[in-house]
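**Student:** missing the sequence, but the structure's below:
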């Protein structure tokens, strides 16, 4: 059985203030990545303010992994310090969403990430390039 902490990238969906993003613990690059399709210019909060709880999210995820695998086993795996990496996170360049399209974009981004790069190009502000079944799945989930 493959353990989740052995994967290339652990993706964590994040929802705050009616906006979906993804936090990624990237074991290939050793970064805490944030996939956010919103542009904050002219918005009422900054990108940093929107993601201010990222360190607490990393802290809780590490606590869960230690609980599941045991602290000794978790520490044997030679993990990155995800909490420290969350403090100096990496904002991944993503296509810009249109109004109320964040859920579509974050699901699509999660499906095309290979751990280092997106394996498919998607356009900004254009959900028409998403397949019909994909659209239906996001309508059901969100």
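**Tutor:** Okay, I see it. None of these values were measured; they are calculated from a predicted model. Residues are numbered from 1 along each chain as shown.
**Student:** any stretches of this structure with poor pLDDT?
**Tutor:** Within the chain, the set of residues satisfying pLDDT under 70 comprises 1-7, 77-78, 126-142.
**Student:** mind running it again at 90?
**Tutor:** Within the chain, the stretches with pLDDT under 90 are 1-20, 24-31, 36-50, 61-62, 64-83, 90, 92-142.
**Student:** now do the strands in it.
**Tutor:** Remark: strands assigned in the chain by DSSP state E are 9-16, 19-26, 31-35, 90-92.
**Student:** columns distance to residue 49 and mean neighbour count on top of those, output as a markdown table?
**Tutor:** (Each C-beta comes from the backbone N, C-alpha and C, glycine too.) Below are those laid out as a markdown table (distance: least, CB to CB, whole Å; neighbours: other CB atoms under 10 Å):
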| stretch | distance to residue 49 | mean neighbour count |
| --- | --- | --- |
| strand 9-16 | 10 | 15 |
| strand 19-26 | 12 | 22 |
| strand 31-35 | 13 | 21 |
| strand 90-92 | 13 | 14 |
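**Student:** format these as a markdown table; extra columns: distance to residue 51.
**Tutor:** Below are the strands of the chain laid out as a markdown table (distance: least, CB to CB, whole Å):
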| stretch | distance to residue 51 |
| --- | --- |
| strand 9-16 | 8 |
| strand 19-26 | 7 |
| strand 31-35 | 6 |
| strand 90-92 | 8 |
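**Student:** tell me which other helices or strands the lengthiest helix in the chain touches.
**Tutor:** Using DSSP state H to define each element, the chain has its longest helix at helix 54-69. Contact here means 3 or more CB pairs under 8 Å, 6 or more residues apart in numbering; DSSP states H and E; on that basis helix 54-69 packs against strand 9-16, strand 19-26, strand 31-35, helix 71-76, helix 82-87.
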